[in-house]
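>>> One predicted model, sequence on top.
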Amino acid sequence: MEPVQRQRPRGRPQGSKNKPKPPVFLTLEPPMSPYILQVPSGNDVVASINRFCREKSIGLCLLSGSGSVADVTLRQPSPAPPGSTITFHGKFDLLSVSAALLPPPVSSSFAVSLAGPQGQIIGGFVSGPLISAGPVFVVAASLNNPSYYRLPAEVKQENSSASVEAKEGKGQSPPVSGGGGESCHIEGSDVVWTPAAGAPPEY
C-alpha cells in the first residue's frame, strides 16, 4: 500500500483575521504660515513687529497693511547724503507695507506707502518710529527654515554694453506729461502727487 499525501487547503484558515496595523501620522510643517497682527494706537509699528519676531523666533514677510500713522520719518533717496531723513508731520493713511524681517546676517528694511489728508502720496523706507494713530492691521507670512545662498558675481558682456549705452544717452525714458494731474518734487524727499480737480477729457 502506498501512503496517500493529503494536500493542504489553500487560502486562509477560517476565522483568521489580519492583525490591525497602527495608524501612521505625518506632521508636515508648511513652508509659510499666515499671520494677522494688530498694533494698538500710540505704538511704534516697526518696533512692535520686530519684538514679536524676536519673541517667537520667526521671520516674517509683510504683505499688506491698513490703518493710520502719524509723523512719519523716511529715508531720503540719493543723491542726498547717506543717513539723511525727512519727517512728514500729520496723520496719514497706510496704503501698503513691504518688509522682510529675518534674523542676521540679512538686513531688514521697512517700506511704506502713505496717503495724506489732501490726497498726497508719499512713500519710502522708514527711518525712525512709525507711530500708529489708530489700530493698524498687518497681514504677514512666516518664513520657516529659509535657505540662504550667496550668489557669485558675474561680469557679462551684456552688462558692459548696457552701461556704455546708458552713458551715451541711449534707452532713456521720455518725460511724462498730461494725465490730468500735477506732480511736484519736494526738495530732498520723495515725489508727492496731488490730484487736480477738473473735467474729464473729451474722447
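Structure received.

>>> three-state assignment of F137?
When the structure is split into helix, strand and coil by DSSP: H, G, I helix; E, B strand; the rest coil, F137 lands in strand.

>>> if I pick it, what's in contact with it?
Contact analysis of F137 by CB atoms under 8 Å, 6 or more residues apart in numbering lists 36-39, 65-67. In this view, the C-beta of every residue, glycine as well, is placed from N, C-alpha and C.

>>> now swap in S41 and tell me
Going by CB under 8 Å, 6+ apart, S41 touches 132-135.

>>> Same check on S109?
Shown here is S109, whose contacts under the criterion CB under 8 Å, 6+ apart are 99-100, 125.

>>> could the residues you listed be laid out in CSV, adding pLDDT, neighbour count and distance to A111?
Compiled in CSV, the contacts of S109 are given as follows (pLDDT from 0 to 100; neighbours: other CB atoms under 10 Å; distance: CB to CB, whole Å):
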residue, pLDDT, neighbour count, distance to A111
A99, 90, 22, 7
A100, 87, 16, 10
F125, 91, 16, 5
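
>>> which secondary element of the protein has the worst mean pLDDT?
strand 181-185 (a mean of 34; mean pLDDT, DSSP states H and E).

>>> I'd like the distance between P117 and L95.
P117 is 14 Å from L95, where distance means CB to CB, to the nearest Å.

>>> Mind listing the residues bridging to C61?
The bridge-partner assignment for C61, based on DSSP bridges, gives A100, A141.

>>> can you pull the pLDDT of it?
Looking at C61, its pLDDT stands at 91.

>>> same deal with V39?
Note on V39: pLDDT of 94.

>>> Surely it touches S132?
Yes. With contact taken as CB atoms under 8 Å, V39 and S132 are classed as touching, separated by 5.2 Å.

>>> what about these two, which has more around it?
Comparing V39 with S132 by other CB atoms under 10 Å, the one with more neighbours is V39, at 24 against 20.
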